[in-house]
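> pasting a predicted model and its sequence here:
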Amino acid sequence: MKPSILNPSEQSDPDRLADFVIHTQGNCILSLAAELIKGNVSFQQFFLLTYLSSHDHLTMSDIARKLGHTTPAATALVDRLESLGYVDRIHSAGDRRKIMVRITTKGVELVGRMRNEISNKLAVVIAGRAKLDADSVERSAQSSGLRTAV
C-alpha cells in the first residue's frame, strides 16, 4: 500500500521528504514564475543569474558548459540579460579578446528577492508541516492512552 501524503505518520522519512520537496517545489516555482514574468526573465536566465551571483565572472564557454548550450546560445541568453541590465560584459585583464560576464547590482537584487520569496514560502510550508506532524503525534499518543506535552 502506498503511503498517503495526508497521513505523514505512516510514511518513511524519505517518502515524507519527497512529498515535502514536491509540494514546496510547486509553490516556489509558481511564485517564482509570476515574479520573473514581471522582469521579462526566463527560468533559464534566472538560473544563470543565480549561478553568476556566486562567481566574480564567467566566460561564455563556462556559461555554455554550465547550461548545456552552445556558445552562440549562451551568448543570446547573455545578450537578453545584458539588455535588461542584469549582467555586464567585461574584458579579461590578461587577454582583452576574452569576454567575461558578471552579474550587476540589479541582477543581484533580483536573485536576492527571489531567494527571500522562496525562503518565506518554505518557512510557511515547514511551519504547516511541523504543525501537521505535531498533531499526528498528539493523536497517536491520545489513541494509545499516553499524555503528551505537544
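Structure's in. What do you need?
> make it CA atoms for all contacts and neighbour counts henceforth
Fine.
> ok, residue 110 to residue 96 distance?
Taking CA to CA, to the nearest Å as the criterion, residue 110 is separated from residue 96 by 29 Å.
> neighbour count for the two, which is higher?
Neighbour count, other CA atoms under 10 Å: between residue 110 and residue 96, residue 110 has more, with 20 against 10.
> the more buried one: what secondary structure?
For residue 110, the secondary structure call by DSSP: H, G, I helix; E, B strand; the rest coil comes out as helix.
> all further residue positions should be reported with the first residue as 708.
From this message on, residue numbering opens at 708, which makes the last subject residue 817.
> where exactly do the helices run in this structure?
720-745, 750-759, 767-774, 778-790, 812-850 (DSSP state H).
> I'd like those as a markdown table, with distance to residue 798 appended.
Shown next, in a markdown table, are the helices of the chain (distance: least, CA to CA, whole Å):
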| stretch | distance to residue 798 |
| --- | --- |
| helix 720-745 | 29 |
| helix 750-759 | 16 |
| helix 767-774 | 12 |
| helix 778-790 | 15 |
| helix 812-850 | 18 |
